Structure formats: structure tokens, C-alpha cells
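A.B. asks: next come a sequence and a model predicted from it.
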Amino acid sequence: MNTSIAIQVLPLCEKYEDIINIVDQVINYIKSTGVTYEVSAFETTIEGEYHHLMSILKNVVLITDCNKVFVNVKIMYSKNSIATIYEKVNKHR
């Protein structure tokens, strides 16, 4: 594993229910990909190989049922390997 991506999806919808439904839709898509992920209050983090995660990231934007969506992304990449989600946060649980 050489990449970790944090994704924050902000649908630009008027109804709160629509926003929640779209975020749930994105999280369900991420779950379906089989990558390791962690959902938090403001973003979802996924980890894996760079090209696979970039494909997922591209689809996150395309699968939303929203006319406009704002997506914040943070990417950590290494030619070798990086610490896993578990290694990064477990001591704080």
C-alpha cells in the first residue's frame, strides 16, 4: 500500500436530507470497492495502491445524484509504503 486519500464530499443541495443521502451514497460506493476505509465526522479516508484509489476518487464525483458537488481531497503518496489508517489512529482510541 502506497497511498492514503482523505475525501470530503460537500453536495451543493438545498435540502439537508439530500445532502445526507448523497454522502451515504458515496460511502456505500467506497464500501463496495473493497479498499480499507474509515469514515469520520468530516471525511472518509481510503488506503491502497495509487492508481486504484485515483479511479475510486474519479467515480466518487461521478456517482453523486447532485448537479454540483464540492470535493476536498488530501493525498499522501510514497514510492514505498505508508503507515496504515490503523497505525495512524489506533493509539488515540
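C.D. replies: Nice, I can see it.
A.B. asks: and the helices in the protein?
C.D. replies: Per DSSP state H, the chain carries helices over the ranges 16-32, 50-63, 85-89.
A.B. asks: state the mean pLDDT of the shortest one.
C.D. replies: Just to be clear, that refers to helix 85-89. Mean per-residue pLDDT for helix 85-89: 90.
A.B. asks: for the helices of the chain, which one sits closest to residue 7?
C.D. replies: Nearest to residue 7, of all the helices of the chain, is helix 50-63, at 6.1 Å by CB to CB. The C-beta positions use only the backbone N, C-alpha and C, and glycine is treated the same way.
A.B. asks: give the buried residues for the closest one.
C.D. replies: If you call a residue buried by 16 or more other CB atoms under 10 Å, then helix 50-63 has these buried ones: 53, 56, 57, 60.
A.B. asks: from the residues you listed, pick the one nearest residue 25.
C.D. replies: Checking the buried residues of helix 50-63 against residue 25 with CB to CB, the nearest one is residue 60 at 9.6 Å.
A.B. asks: wait, the closest one touches residue 33, no?
C.D. replies: No: with contacts defined as CB atoms under 8 Å, residue 60 does not count as touching residue 33, sitting 9.9 Å away.
A.B. asks: what's the span of stretch 44-53 from first residue to last?
C.D. replies: 13 Å (CA to CA, to the nearest Å).
A.B. asks: try stretch 27-45
C.D. replies: 10 Å.
A.B. asks: ditto for stretch 64-74
C.D. replies: 19 Å.
A.B. asks: got it, and stretch 64-84?
C.D. replies: For stretch 64-84, the first-to-last residue distance is 28 Å (CA to CA).
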